[in-house]
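> 3D, please:
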Amino acid sequence: MHLVPRPQHEQYSDDRIDLDALDGITTNGTTPATASVDRVQTIIDREIDQTLPTVDSDEATGPSIALRTVDTLEPPAGRTIDHEDEAYRLSVTGDGIELVATTAAGFHYAAQTLAGLIEAADSGEAYTVPTCEVVDWPAFEWRGVMVDPARKFIPLSDLYDLVESMARAKLNVLHLHLIDNEGYAMESSAYPELNRSPDGTERPSYGQDEMAEFVEHAAEWDITVIPELDAPGHGLHLLTQIPDIRCDTPGETTVFNLKPAFCLGKDRSYEVWGDLLDEVVSVFDADIVHVGADEWSHHGIEWEDCIDCRAYMESEGLDDVQELFYDFIHRAHGMVTDRGKRMSMWSEQIDISERPTLPSDIMMHFWIVSYPPWGPDFEGNSFDLFAEEGYELLNSYPPATYLNTLDPERLLAWTPTTSPEVSEENVSGVPGGELCIWGDAIDDNDEMQAYHDRVMPSGVAVFADRVWNATPIDDRDAFSRAVTRHLLGPDIPAKFDVFAALGGVVLPTISNDYAKKAHFPGSALGRPAPEAIANYEETIETLESVGADARFPAVVDEYVDALEWLIEVVERDSRGLTQPPDKV
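Okay, the predicted model is just below:
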């Protein structure tokens, strides 16, 4: 096993081809192939700092990398190719390398696979690729990562780095949770007060022009950026800065007793949200806008007591606040579709067992079946029932996909259609899922940043495998080595596995105590302390020898830090001390 994500079909031989022997890159002159040359050059150059020239196919006298566009790909025997617009075939022989695809996206993924197969020769002075045949395609069309700059602002440079790591792993959707109780991460011309704190100090935000450039850059790497304007809940920042969208209640309302949902009885609330929607739509060219719509019943509302909400409910014949919420969904849906977009939303406030009459083209983003006070009664509700009702359904089930609290074993076994389960007849209604990386789980931002820097690299890579290849990971050791190669690049020693020393390919998450930088039980127990420490020191030496030449250099520092933490843990444990080293 060489690659992450694992290909659908791969065959290898013992021979190799030297990249120095290649004349360059040629095409068959078709638009997808010609348009992909720069991308292939960039991917190879990032992997081994070697820029291959473009040469005319008639002038190539030796082996080359040939890009060839076809109308359709021939599947491996007994298989059917899904999502052919992202499929490819990579053939490596002694005569050269051929990338075959129907689209530019296919060439992109073929080039990423080629880059993942590159190894440094024993001499360390050349790079080779094994002769092989890879025919590959994604199991799921929606392969996303959600990040939360509303709660913990993410510098734009970090988003660019994230796009690079996502592209490397063949992920194709980046979901930005832009607004929440803590702040608004987009620059607003209509409401500049949203980019300030209550005391008037400026808050970090993405400029509209710079975000538009980022969206364009992501699209060049076949990644669609989806904006989320969470409403009507999660709105403390919105309500603090724009007070006239608060509910009017008999009691006195201050910033200390605000409930975080905006008033659904005031036209002003929809005016404000619509203005923000206009700004977002002008920046993000994705077909989908995510409207959030989660957790209002748990975090608190004033709708029952609000003069405007009660008057609106009476005028519209709405019996309770759940019906008022469904009315919001209809109005939000109309506002999104009027702007030429499709609406997506979190599903847990929907009581699907009651079959509510909601627009059928909403893309439901599932995370849990809710229960009071989180939402409607769980009785009769299920993931599968949403699909049965005809909704397209994204899977972000927390035990497997919430990076801050997931169970690594759940992620390693998860697919979008197996956890939670969906019946065979409804499988087609689940286009994929998202890995969710929330910013609110640790109060100290530096601590959250350190945690994410440590856990995200392999977490994103493992998740990418689960949405690209739905087959079980049978050989965990080989997969761990493949993730190591995926993150560190071709200059690491053959069969080097950093995660064997760290005790697991996904590092401890917050639910396993975020203070732990590695899996001490999986790494150290059963070994004498001197043996474990020698292993850690040897692993550190290997990592530092790669250093800045690693594919993603930042992970070297994170893993060295985790290994140094393990050394201290083992030393303490061997002396009978249970108190771990300092956190973070």
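> only C-alpha atoms for contact and neighbour calcs from this point on.
Will do.
> Which of the helices or strands spans the most centrally placed residue in the chain?
Closest residue to the average C-alpha location of the chain: residue 145 at 1.6 Å, with CA atoms, centre = their mean. Under DSSP states H and E, the secondary-structure element containing residue 145 is strand 142-147.
> With only the CA atoms kept, save that strand in PDB.
C-alpha atoms of strand 142-147 as PDB (Å, rounded to 0.1, in the frame of the first residue of the first chain):
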ATOM      1  CA  TRP A 142     -18.900  15.200  -1.900                       C
ATOM      2  CA  ARG A 143     -15.600  15.000   0.100                       C
ATOM      3  CA  GLY A 144     -15.500  18.000   2.400                       C
ATOM      4  CA  VAL A 145     -13.800  19.700   5.300                       C
ATOM      5  CA  MET A 146     -15.600  22.200   7.500                       C
ATOM      6  CA  VAL A 147     -13.600  24.800   9.500                       C
END
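> Mind listing residues that contact it?
171-177, 394, 431-439, 460, 464, 467-468 (CA atoms under 8 Å, 6 or more residues apart in numbering).
> Going by neighbour count, which residues of the helix or strand that comes right after that strand are buried?
Next helix or strand after strand 142-147 toward the C-terminus (DSSP H and E): helix 156-168. Within helix 156-168, the residues that count as buried by 16 or more other CA atoms under 10 Å are 156, 159, 162-168.
> what do you get for stretch 74-87?
Buried residues in stretch 74-87 (16+ other CA under 10 Å): 75, 81, 84-87.
> between these, which is nearest residue 404?
residue 86 (30.0 Å; CA to CA).
> who are the neighbours in contact with residue 93?
Here residue 93 is in contact with 16-17, 131-132 (CA under 8 Å, 6+ apart).
> Repeat that for residue 347.
293-294, 364-368.
> How about residue 17?
92-94, 96, 128-131.
> Relative to residue 519, which of the contacts of residue 347 is nearest.
So of the contacts of residue 347, ranked by how close each gets to residue 519 (CA to CA), first place is residue 367, at 26.7 Å.
> Roughly how far does that closest one sit from residue 383?
9 Å (CA to CA, to the nearest Å).
> sorry, back to before: need the contacts of residue 347 in TSV with neighbour count, can you?
Below are the contacts of residue 347 laid out as TSV (neighbours: other CA atoms under 10 Å):
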residue	neighbour count
293	24
294	21
364	23
365	22
366	22
367	22
368	21
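> quick one: which of those residues is nearest residue 309?
residue 293 (17.2 Å).
> residues near the nearest residue to the closest one once chain neighbours are set aside, how many?
Distances taken as CA to CA, 6 or more residues apart in numbering put residue 231 closest to residue 293, at 5.1 Å, once the chain neighbours are dropped. Residue 231 has 25 neighbouring residues, counting by other CA atoms under 10 Å.
> and if you look at the one 10 residues further on?
For residue 241, the count of nearby residues is 19 (other CA under 10 Å).
> go on, residue 341?
Per other CA under 10 Å, the neighbour tally for residue 341 reads 18.
> Equivalent analysis for residue 38, please.
Quick note: residue 38 (other CA under 10 Å) scores 13 neighbours.
> and if you look at residue 490?
Neighbours of residue 490 (other CA under 10 Å): 25.
> Confirm it sits in a strand?
No - looking at residue 490 with DSSP: H, G, I helix; E, B strand; the rest coil, it is coil, so not inside a strand.
> Shouldn't residue 545 be within a strand?
No - when three-state DSSP is applied, residue 545 is found to be helix, with no strand at that position.
> ok, it - contacts?
Contacts of residue 545 by CA under 8 Å, 6+ apart: none found.
> what do you get for residue 386?
352, 364, 393.
> what about it, which helix or strand?
Using DSSP H and E, residue 386 falls in helix 383-388.
> buried ones in that helix?
383-388.
> contacting residues around stretch 465-478?
1-2, 4-8, 137-140, 142-143, 169-170, 411-416, 432-433, 479.
> Got a ChimeraX select line for the buried ones in these?
The buried subset of these, as determined by 16+ other CA under 10 Å, is captured in ChimeraX by this line:
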select :2,4,5,6,7,8,137,138,139,140,142,143,169,170,411,412,414,415,416,432,433,479
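> what stretches of this structure score poorly on pLDDT?
1, 60, 123-125, 252-256, 441-445, 512-514, 583-584 (pLDDT under 70).
> What about it, which residue is the most distant from its middle?
residue 250 (43.9 Å).
> In what element of secondary structure is it found?
Using DSSP H and E, no helix or strand contains residue 250.
> List the residues that contact it.
305-306.
> before we move on, what about residue 377?
Counting by CA under 8 Å, 6+ apart, residue 377 has contacts 351, 370-371.
> Ok, residue 203 next?
Residue 203 sits in contact with 183, 195-197, where contact means CA under 8 Å, 6+ apart.
> what about the strands in the stretch 201-350 of the chain?
224-231, 288-292, 342-346 (DSSP state E, counting those that start in this stretch).
> got the contact list for the first one?
The one in question is strand 224-231. By CA under 8 Å, 6+ apart, the list of residues contacting strand 224-231 reads 172-180, 215, 218-219, 261-262, 277, 280, 284, 286, 288-294.
> Next, the angle helix 156-168 makes with the helix of greatest length in the chain.
Scanning the chain for the longest helix, with DSSP state H as the assignment, gives helix 445-468. Put simply, helix 445-468 runs at 20 degrees to helix 156-168, going by axes from the mean of the first three to the mean of the last three CA atoms, to 10 degrees.
> Report the buried residues of helix 445-468.
Within helix 445-468, judged by 16+ other CA under 10 Å, the buried ones are 448, 451-452, 454-468.
> for it, the distance to its chain's centre please.
9 Å (CA atoms, centre = their mean, to the nearest Å).
> Output that helix as PDB - backbone C-alpha positions only.
Provided in PDB are the C-alpha atoms of helix 445-468 (Å, rounded to 0.1, in the frame of the first residue of the first chain):
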ATOM      1  CA  ASN A 445      -6.900  30.000  21.300                       C
ATOM      2  CA  ASP A 446      -3.200  29.100  21.500                       C
ATOM      3  CA  GLU A 447      -4.100  25.700  23.000                       C
ATOM      4  CA  MET A 448      -6.700  25.100  20.300                       C
ATOM      5  CA  GLN A 449      -4.200  26.100  17.600                       C
ATOM      6  CA  ALA A 450      -1.600  23.700  19.000                       C
ATOM      7  CA  TYR A 451      -4.200  20.900  19.200                       C
ATOM      8  CA  HIS A 452      -5.300  21.400  15.600                       C
ATOM      9  CA  ASP A 453      -1.800  21.700  14.200                       C
ATOM     10  CA  ARG A 454      -1.000  18.300  15.800                       C
ATOM     11  CA  VAL A 455      -4.200  16.400  14.900                       C
ATOM     12  CA  MET A 456      -5.400  17.900  11.600                       C
ATOM     13  CA  PRO A 457      -2.700  16.600   9.100                       C
ATOM     14  CA  SER A 458      -3.300  12.900   9.600                       C
ATOM     15  CA  GLY A 459      -7.000  13.400  10.500                       C
ATOM     16  CA  VAL A 460      -7.700  15.100   7.200                       C
ATOM     17  CA  ALA A 461      -5.700  12.400   5.300                       C
ATOM     18  CA  VAL A 462      -7.600   9.500   7.000                       C
ATOM     19  CA  PHE A 463     -10.900  11.100   6.400                       C
ATOM     20  CA  ALA A 464     -10.000  11.600   2.800                       C
ATOM     21  CA  ASP A 465      -9.500   7.900   2.400                       C
ATOM     22  CA  ARG A 466     -12.900   7.100   3.900                       C
ATOM     23  CA  VAL A 467     -14.800   9.300   1.400                       C
ATOM     24  CA  TRP A 468     -12.600   8.200  -1.600                       C
END
